[in-house]
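K.L.:
Sequence first, predicted coordinates after that:
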Amino acid sequence: MRHGATILWAVLATVAGTGLFMLKYQVQGEEQRLHHIQKQIVQTEEEIHVLKAEWSYLNEPTRLRELAERNLAMHPMKATQISSIESFGMAPPRPRPEPTAGQPACRRPAATPSGPCFHRSRLDRA
């Protein structure tokens with residue numbers, strides 16, 4: 001009986017030792033993976049920082065103005081280029097067609113005598 005118990009405990013100790021040995025190497029592999037991921041995070045943050053600096057430089061208003069003037073022949077607006085709405089002529093009103101015998105008479109709301117023409121059927125639906 002003692003001999004069987006000794007063998008059982010030896011087998012259990014061997015299984016536990018092997019399990020702990022495998023677990024140790026698994027943990028070391030995960031730590032290496034974690035370290036690699038942390039290095040990637042730091043590298044990505046540095047790349048983001050560089051890209052933000054480039055974006056700031058590329059969107060600088062004075063640089064954009066110079067590029068627009070040089071490549072697109074665009075210049076800032078001058079005061080002489082600004083007009084008021086009164087300087088533009090108004091188009092003459094379009095003549096309204098008279099209703100024919102088959103069409104219903106046009107009825108306009110009282111508030112807008114020159115507004116759009118509404119037929120009786122459209123007003124009755126509303």
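P.N.:
Nice, I can see it.
K.L.:
Show me which helix runs longest in this structure.
P.N.:
As assigned by DSSP state H, the longest helix anywhere in the chain is helix 2-58.
K.L.:
average model confidence for it?
P.N.:
For helix 2-58, mean pLDDT rounds to 95.
K.L.:
Check which element follows it along the chain.
P.N.:
helix 61-71 (DSSP states H and E).
K.L.:
how far is that next one from where the chain is centred?
P.N.:
Relative to the mean C-alpha coordinate of its chain, helix 61-71 is positioned 26 Å out (CA atoms, centre = their mean, to the nearest Å).
K.L.:
Using PDB, write out every CA atom in it.
P.N.:
Provided in PDB are the C-alpha atoms of helix 61-71 (Å, rounded to 0.1, in the frame of the first residue of the first chain):
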ATOM      1  CA  PRO A  61      -2.900  79.900 -43.900                       C
ATOM      2  CA  THR A  62       0.000  81.900 -45.200                       C
ATOM      3  CA  ARG A  63       1.400  78.800 -46.900                       C
ATOM      4  CA  LEU A  64      -1.900  78.000 -48.500                       C
ATOM      5  CA  ARG A  65      -2.300  81.600 -49.700                       C
ATOM      6  CA  GLU A  66       1.100  81.500 -51.300                       C
ATOM      7  CA  LEU A  67       0.300  78.200 -53.000                       C
ATOM      8  CA  ALA A  68      -3.100  79.500 -54.300                       C
ATOM      9  CA  GLU A  69      -1.500  82.700 -55.700                       C
ATOM     10  CA  ARG A  70       1.300  80.800 -57.300                       C
ATOM     11  CA  ASN A  71      -0.500  77.700 -58.700                       C
END
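K.L.:
Contacts for that helix, please.
P.N.:
Here helix 61-71 makes contact (CB atoms under 8 Å, 6 or more residues apart in numbering) with 57, 74-76. Every residue, glycine included, has its C-beta placed from N, CA and C.
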